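Trainee: model the following, please.
(chains A and B)
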Number of protein chains: 2
Amino acid sequence: MSPGKTILASKIAKRFTDEIQAKAALLARRPKLVGLLANPDPAAKQYAEWTGKTSESLGFDYQLIQVEKEQLEDQIYKCNDDSSVNGIMVYFPVYGDGQDRYLQQCVAVEKDVEGLNFRYVSNMYHNIRYLDEKQEKKSILPCTPLAVVKILEHLGVYNPLLNYGDRLYGKTITVVNRSEIVGRPLAALLANDGATVYSVDINSIQIYERGDGLRLKKHVVLDCDKSLKECALSSDVIITGVPSESYKFPTEYVKRGAVAINFASHKNFNDDVKDVASLYVPSIGKVTIAMLLRNLLRLIENNAK
Amino acid sequence: MSPGKTILASKIAKRFTDEIQAKAALLARRPKLVGLLANPDPAAKQYAEWTGKTSESLGFDYQLIQVEKEQLEDQIYKCNDDSSVNGIMVYFPVYGDGQDRYLQQCVAVEKDVEGLNFRYVSNMYHNIRYLDEKQEKKSILPCTPLAVVKILEHLGVYNPLLNYGDRLYGKTITVVNRSEIVGRPLAALLANDGATVYSVDINSIQIYERGDGLRLKKHVVLDCDKSLKECALSSDVIITGVPSESYKFPTEYVKRGAVAINFASHKNFNDDVKDVASLYVPSIGKVTIAMLLRNLLRLIENNAK
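Mentor: Numbering: from 1, shown residues only, chains lettered A, B, ... in the order given. Next comes the predicted model:
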């Protein structure tokens, strides 16, 4: 029997959903999340409905609004102005190009549960954790990278004996995906928390790190001339997010006893990864949705201050 | 400011001493530990008195018996036969050679708080955790290696999500010292718990491990042709125990963010190790004494079964 363990996102999410439900119950009014769907893909609709179910079950109101692409921007502004709406999420991709990034920025910063507003994203890259000087309002982190952070905490990769902000010191992590939505912010977040991160995309490998003794306050990005195999075999954690049915991370690149996490909707690891990894998290969706609602509660707190 | 932390043994020991004190208080009679000192070294006497102080403060009776070397064996047998004595420890070295190992074996297995009896040591090497088939009586582990294990648990190096017995899976550890009393049993214990261990002495480096996917139930010992520098720089943990004032482990061999632990009575790390290590434990004596008393309580439990 292999000593490795498969850890399900549902189990990790439980602690957060319990906490979210308890916090939501304390509010005078059920918080309201609006999902905006302008994408005919049935998978997107299914995901939207799944968010709805989880939200309702945890004490949130959820409204799914389906619109044509061309009406999406107007609809976002309507929701921005509607005081009954606490949070807005848009099911991307819509246009699948730069216009999606424009649409993201249309969501009011006070209602951006996904943490994709430039202000939040720029704080994250610069390792700025608060919105205000008095440090009363915490900045919002993008849901999926935040979910990965919470999973790494659950798995014991973050070391709570170290100072907050340095708890990945000494850990080496490979992230296969450098998208603007997940891979690049994730690499930055992990490096800002003290890890040495190999950020891998189809064209190159980059190193994100804070240098010897974490002397830098935020990460720098360096070129890496090592191969994926070398990087991966020196990594304590391998995180994959390749949106392709056929892509599989080579099991022989996984270091004995490493942690393996997949955030793609396709299974990026072969089944035999369990023979090599100590802990394997095959998908993270349930933790991501929990982070969405956690962000919504944080927005409500921030707006009340 | 360096992100590394110095963790004192006193802080780690606290949890155990609280537990030990509570357990000892439940017994009908104060447990009695005898320390046998046949060594004129004032440091040994000081250590013996320190053990006494800790024991008394936690609810144990402690009797220090000073004898001539030649009377030590007789004295051990007297204590073996004295039903008021629950545990015996001998302050080694006495002769400083093979005769000391003979004397160790004279201590009754039921009173061997140090876990140095061949039966305990052999169980440890073979990764056998119980004395009986019904698995009711846990085997005793040698104090100092056990203290290191407890320290590694405290520091989060053991991963509690993995199965008991596999919790160091994926960790690489260098142990500088291969004495029969600490270094070799420690390397074996850590490898049996799933680590890849580089065991270093003045003549050679050996690898202790359970193989790919921990397929072996107990560790094997392999020759290692890598240099100390290579081994150390790939290690998550460096543990030193070199009994020399002048020896210092080269700081440039410590991997960024590694854990550094010294069990020698001399400081084996340079002060600048704090600039590189994430967690640094400069000495472990207080945890070792706690383990001594913990073993004593376990012996009382075992003997009652």
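
Trainee: distance check, the residue in the stretch 201-305 of chain A that chain B sits nearest to against residue A:4.
Mentor: Distances between the stretch 201-305 of chain A and chain B by CB to the nearest CB are smallest at residue A:257, namely 2.1 Å. C-beta coordinates here come from the backbone N, C-alpha and C atoms, glycine included. Using CB to CB, to the nearest Å, we find residue A:257 at a distance of 8 Å from residue A:4.

Trainee: same question, residue A:191
Mentor: From residue A:191 to residue A:4 the distance is 26 Å (CB to CB).

Trainee: within range of chain B, give me the residues from the stretch 51-200 of chain A.
Mentor: A:155-156, A:159-163, A:166, A:169-171, A:194, A:196 (CB under 8 Å from any CB of the partner chain).

Trainee: picking that back up, list the residues that contact both of residue A:257 and residue A:4?
Mentor: Taking CB atoms under 8 Å, 6 or more residues apart in numbering or on different chains as the contact rule, residue A:257 and residue A:4 both touch A:276, A:277, A:278, B:169.

Trainee: which pLDDT does the model give the residue positioned nearest the centre of chain A?
Mentor: By CA atoms, centre = their mean, chain A has its centre lying nearest to residue A:144, at 1.5 Å. We note a pLDDT of 94 for residue A:144 in this prediction.

Trainee: can you tell if the biggest helix by length in chain A touches chain B?
Mentor: Identified as the longest helix of chain A according to DSSP state H is helix A:285-304. No: Helix A:285-304 is not in contact with chain B by CB under 8 Å from any CB; minimum separation 15.4 Å.

Trainee: send the alpha carbons of that helix over as CSV?
Mentor: Extracted in CSV, the C-alpha atoms of helix A:285-304 (Å, rounded to 0.1, in the frame of the first residue of the first chain):
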residue,chain,number,x,y,z
GLY,A,285,-13.2,23.9,-6.8
LYS,A,286,-15.0,23.5,-3.4
VAL,A,287,-12.3,25.5,-1.6
THR,A,288,-12.4,28.2,-4.4
ILE,A,289,-16.1,28.7,-3.9
ALA,A,290,-15.6,28.9,-0.2
MET,A,291,-13.0,31.6,-0.8
LEU,A,292,-15.5,33.5,-3.0
LEU,A,293,-18.0,33.7,-0.1
ARG,A,294,-15.2,34.5,2.4
ASN,A,295,-14.2,37.4,0.2
LEU,A,296,-17.8,38.5,0.1
LEU,A,297,-17.9,38.7,3.9
ARG,A,298,-14.6,40.5,3.9
LEU,A,299,-16.0,43.1,1.4
ILE,A,300,-19.0,43.6,3.7
GLU,A,301,-16.7,44.2,6.7
ASN,A,302,-14.5,46.5,4.7
ASN,A,303,-17.4,48.5,3.5
ALA,A,304,-18.8,48.9,7.0
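
Trainee: buried stuff in it?
Mentor: For helix A:285-304, a neighbour-count test (16 or more other CB atoms under 10 Å in any protein chain shown) marks A:285-300, A:302 as buried.

Trainee: same check, this time on stretch A:68-80
Mentor: Residues of stretch A:68-80 classed as buried: A:72, A:73, A:75, A:76, A:78, A:79, A:80 (neighbour count, 16+ other CB under 10 Å).

Trainee: what does it rub up against?
Mentor: A:34, A:36, A:38, A:65, A:67, A:85, A:88, A:90, A:94-95, A:103, A:106-108, A:111.

Trainee: buried subset of those?
Mentor: The neighbour-count test (16+ other CB under 10 Å) marks A:34, A:36, A:38, A:65, A:67, A:85, A:88, A:90, A:94, A:103, A:106-108, A:111 as buried among the contacts of stretch A:68-80.

Trainee: among these, which lie within strands?
Mentor: A:34, A:36, A:65, A:88, A:90 (DSSP state E).

Trainee: tell me, how many residues neighbour the residue in the stretch 51-200 of chain A positioned nearest to chain B?
Mentor: Ranked by CB to the nearest CB, the top residue of the stretch 51-200 of chain A for proximity to chain B is residue A:170, at 2.1 Å. When counting by other CB atoms under 10 Å in any protein chain shown, one arrives at 26 neighbours for residue A:170.
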